[in-house]
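> need coordinates for the following:
(chains A and B)
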Amino acid sequence: MGASLKDIKRQSVAVDKTRQITRAMNMVAASKLKAAQLKMENFRPYADKIMDVFDSLASRVTSFTNPLLAVREPRRVRVIMMTSDRGLCGGFNANVIKEVNKFKREKTAEGKEVSLITAGKKGRDSFRKEGNVVGEYVDKLGNFDISLAAGIAGEAVPSFIAEEYDELYLCYNEFRNIASQKPIMIRLLPASSVGSDEGGSESTVDYIYEPSEEDLLAHIIPLYLRVLIYRGLLETSAGEHGARMVAMDNARSSCEDMLQSLTQQFNRARQAAITSELMDIVGGTEALSAGK
Amino acid sequence: MPDELMLEIVTPDRLAFSDVVEEVTLSGSEGEFGVLIGHAPLLSSMKIGELNYTKDNKKAYYLVGEGYAEITGLKATVLVESIEGASSIIVEEAKKAQESAEAKLAAMDKDDLDYEKVKKSLDMAAARLKVSQKV
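Now for the predicted structure:
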């Protein structure tokens, strides 16, 4: 029994404090998650509609005069990578970083150049040394609205038109549920219709287009990008809180395990101390009575 | 067949309005247009400006941002960046915003990256003033 009673006591007080902190963080994350999920739900009708309109227009317009639809030989590829600003959320950020690294290796092996736009501090930090981060949005994910997405899109689009790069991807953690987020990689530019079967029930309607279909499409592509980027940001933010909740829950249960074993150790040590004290007394009296 | 048009106004933050109305007037990018029930299917882009609808013979005025309107015979779906009620507009503030945007714009070059942005805020302020007069 190496540790003294005092040491064990001190250690268990420390663990108990950690347990309290993780519990508080869990609760904070839970309420933030709720807000983020609400934001996601409120955005869905708008996003769905924009996607519908984009899909029906994109499948209709066949002449690709729009610069944002221009398919070029992809020699330079840009990725918008979304992570959280803060840690303590398990493998949440590591998963996205891993995915981007894998993507980068593959593209580099094909002789392509990969540059990054990072949203979130964690992603920026992990790629900062490599010097291929062309744009960064740090400490913005606390409280944001669609103008953040508009800003990101507004930076990415002109350089695509100027042919500074040929393809734009977006990588973030898709929010499936509180316990599960999975990194996904989607192509933003050149924009293409994602409609699984060309035109659902809606596009069978023969619309009057005002202005022309092409002008409408030119107008809606930036909006479509904004919607995709904003959705990525919303899912990242919800996922971050979800992941943190799970991480903090795990941390708390480890704390509880530790506390239990520390309490056991403490009791055992105390018992040992009592026993040895008793032995001393008994030994002392016996020695005294033997000496009589 | 119902004799009233279903109007839905959706912004990125929420479903802002969803109710049946008698008529709705929108600021299309090609000009203002009114929609009654039975309108031919139409997909139009919208510019910053006024939106008003009539319900129970009363008109309600709103200012909406850029977006789209999708009209089918029974339903009008309006997708806009923002919406505000005409009565919630503070005229003084809108005037100030208009003046500052005008001053900024005058000092700017047309090629400036922020030109579009400032122009938009100017349009917004001007439209705000115009709509606020309707109440």
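
> who's the residue of the stretch 151-292 of chain A at minimum distance from chain B bridged to?
Closest residue of the stretch 151-292 of chain A to chain B, CB to the nearest CB: A:E210 (4.0 Å). Yep, even glycine has a C-beta here, placed from its N, CA and C like the rest. Beta-bridge partners of A:E210, counted by DSSP bridges, are B:S44.

> give me the distance between it and B:M46.
Distance, A:E210 to B:M46, by CB to CB, to the nearest Å: 10 Å.

> so for residue 41, what's the pLDDT?
No chain in the question, so chain A it is. Per-residue pLDDT puts A:E41 at 90.

> that's the other chain; I wanted chain B
pLDDT for B:P41: 90.

> was I right about it contacting B:V35?
No: if you go by CB atoms under 8 Å, B:P41 and B:V35 don't touch, sitting 11.2 Å apart.

> which neighbours do these two share?
Taking CB atoms under 8 Å, 6 or more residues apart in numbering or on different chains as the criterion, B:P41 and B:V35 both touch B:I71.

> between these two, which is the more surrounded one?
Taking other CB atoms under 10 Å in any protein chain shown, B:P41 and B:V35 do not tie; B:V35 has more neighbours (22 against 14).

> show me where chain A has helices.
Listed in chain order, the helices of chain A (DSSP state H) span A:5-60, A:92-109, A:121-127, A:146-161, A:213-291.

> got it, and chain B?
In chain B, the segments counted as helices under DSSP H are B:91-106, B:115-132.

> and chain B, which residues reach chain A?
Taking CB under 8 Å from any CB of the partner chain as the criterion, the neighbours of chain A within chain B are B:10-15, B:28-30, B:40-45, B:68, B:70, B:72, B:77, B:79, B:81.

> buried subset of those residues as a ChimeraX selection?
The ChimeraX command for the buried members of the residues of chain B next to chain A (criterion: 16 or more other CB atoms under 10 Å in any protein chain shown) is given here:
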select /B:10,11,12,14,28,29,42,43,44,45,68,70,72,77,79,81
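
> in chain B, what residue is nearest chain A?
Closest point on chain B to chain A, by CB to the nearest CB, is B:S44, at 4.0 Å.

> I figured that residue hits B:S27, correct?
No: B:S44 is beyond contact range of B:S27, at 9.9 Å (criterion: CB under 8 Å).

> how's chain A carved up into domains?
A:5-23+A:248-291, A:31-247 (automatic domain parsing).

> out of those domains, name the one with the poorest average pLDDT.
Going by mean pLDDT, the lowest-scoring of the domains of chain A is domain A:31-247, which has a mean of 87.

> and the end-to-end length of that one?
Domain A:31-247 has an end-to-end distance of 15 Å (CA to CA, to the nearest Å).

> what residue ranges in chain B score low on pLDDT?
Chain B contains residues with pLDDT under 70 at B:1-2, B:113.

> so which residue is dead centre in it?
Nearest to the mean C-alpha position of chain B, counting by CA atoms, centre = their mean, stands B:V64 at 2.6 Å.
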